[in-house]
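A.B. asks: need a 3D model of the following:
(chains A and B)
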Amino acid sequence: GAVVSQHPSWVICKSGTSVKIECRSLDFQATTMFWYRQFPKQSLMLMATSNEGSKATYEQGVEKDKFLINHASLTLSTLTVTSAHPEDSSFYICSANSGKGVETQYFGPGTRLLVL
Amino acid sequence: AQSVTQPDIHITVSEGASLELRCNYSYGATPYLFWYVQSPGQGLQLLLKYFSGDTLVQGIKGFEAEFKRSQSSFNLRKPSVHWSDAAEYFCAVGAGTGTASKLTFGTGTRLQVTL
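C.D. replies: Okay, the predicted model is just below:
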């Protein structure tokens, strides 16, 4: 149980285009999902917290107009990188839990984005 | 705000040797502590977690961790390392009330296992 998937697993795009990454909880309902960014050989940095049916909460320094998050259902959250640039190239990881207080987050396998 | 320190960036151990990965945290209340493992290019897998109760926590793959409040530590241990344990290990502290916890990760420790 507690499986989280991400799609696509990797994507290459041209500078200036937008890229959408999906995060799905496959066997549980996730009222809260989190989006992290990980640069090579570095730790995970929380970008935003996504709650179903409400606006995402972004961490300080994260451009909400650039990283659009939509948590449309209890099993799906999407991250759209708008007008991507090479510096947006990174490993994006989502996690999910059911939001019932502090509990374990289950992580997706990650999406590697390369912007040319 | 909470923070996590993993003092060791890189550790090399021989297969069969014991392992201890250090983790120190800073948090004003009772912390929720986690250890995750990440293989190259992969997501994170939960090894173990501590919320309350017994301070010695058993996890998967033969790992255990001990919560020591007096030292603000949550070190990960394994008595005998296998070559497949080579990976990046992240300690994390969770904080939150009423809603899902926000995790703060340490910088990670890369484990190399020599045969």
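
A.B. asks: how far does the lowest-mean-pLDDT helix or strand in chain A sit from the chain's center?
C.D. replies: Least confident element among the helices and strands of chain A, by mean pLDDT, DSSP states H and E: strand A:106-107 (a mean of 88). Offset of strand A:106-107 from its chain centre (CA atoms, centre = their mean, to the nearest Å): 11 Å.

A.B. asks: and after it, which helix or strand comes next?
C.D. replies: With elements assigned by DSSP states H and E, the helix or strand that comes after strand A:106-107 is strand A:111-115.

A.B. asks: quick check: A:Ser95 is in a strand.
C.D. replies: Yes: per DSSP: H, G, I helix; E, B strand; the rest coil, A:Ser95 lies within a strand segment.

A.B. asks: that one contacts A:Ser25, correct?
C.D. replies: No: in this structure, A:Ser95 is not within contact of A:Ser25 by CB atoms under 8 Å, at 9.7 Å. C-beta here means a position set from N, CA and C on the backbone, and glycine is covered the same way.

A.B. asks: joint contacts of those two?
C.D. replies: Common neighbours of A:Ser95 and A:Ser25, using CB atoms under 8 Å, 6 or more residues apart in numbering or on different chains, are A:4, A:33, A:106.

A.B. asks: quick check: phi and psi at the residue nearest in space to the middle of chain B.
C.D. replies: Closest to where the C-alpha atoms of chain B average out (CA atoms, centre = their mean) is B:Trp35, at 3.2 Å. Phi and psi for B:Trp35, reported as degrees, to the nearest 10, are phi -120, psi 130.

A.B. asks: roughly how far does it sit from chain A?
C.D. replies: Counting by CB to the nearest CB, to the nearest Å, the gap from B:Trp35 to chain A is 12 Å.

A.B. asks: how near is that residue to B:Phe67?
C.D. replies: Applying CB to CB, to the nearest Å, the value for B:Trp35 to B:Phe67 is 11 Å.

A.B. asks: tell me which residues touch the closest residue to A:Glu87 other than its chain neighbours, please.
C.D. replies: What sits nearest to A:Glu87 in space, not counting adjacent residues and going by CB to CB, 6 or more residues apart in numbering or on different chains, is A:Val115, at 7.9 Å. Going by CB under 8 Å, 6+ apart, A:Val115 touches A:12-15, A:84-89.

A.B. asks: from the residues you listed, which would you call buried?
C.D. replies: Neighbour-count burial (16 or more other CB atoms under 10 Å in any protein chain shown) is assigned, among these, to A:13, A:84, A:88-89.

A.B. asks: let me know the closest of these to chain B.
C.D. replies: A:Ser89 (14.2 Å; CB to the nearest CB).

A.B. asks: re the thing from before, is the residue nearest to A:Glu87 bridged to anything, and to what?
C.D. replies: Beta-bridge pairing of A:Val115 under DSSP bridges involves A:Cys13.

A.B. asks: show me the beta-bridge partners of the residue nearest in space to the middle of chain A.
C.D. replies: Taking CA atoms, centre = their mean, the centroid of chain A lies closest to A:Trp35, which sits 3.6 Å from it. For A:Trp35, the beta-bridge partners are A:Ala48, A:Cys94 (DSSP bridges).

A.B. asks: A:Tyr92 - nearest residue in space that isn't next to it in sequence?
C.D. replies: A:Tyr92 sits nearest to A:Thr111 (CB to CB, 6+ apart), 4.8 Å away.
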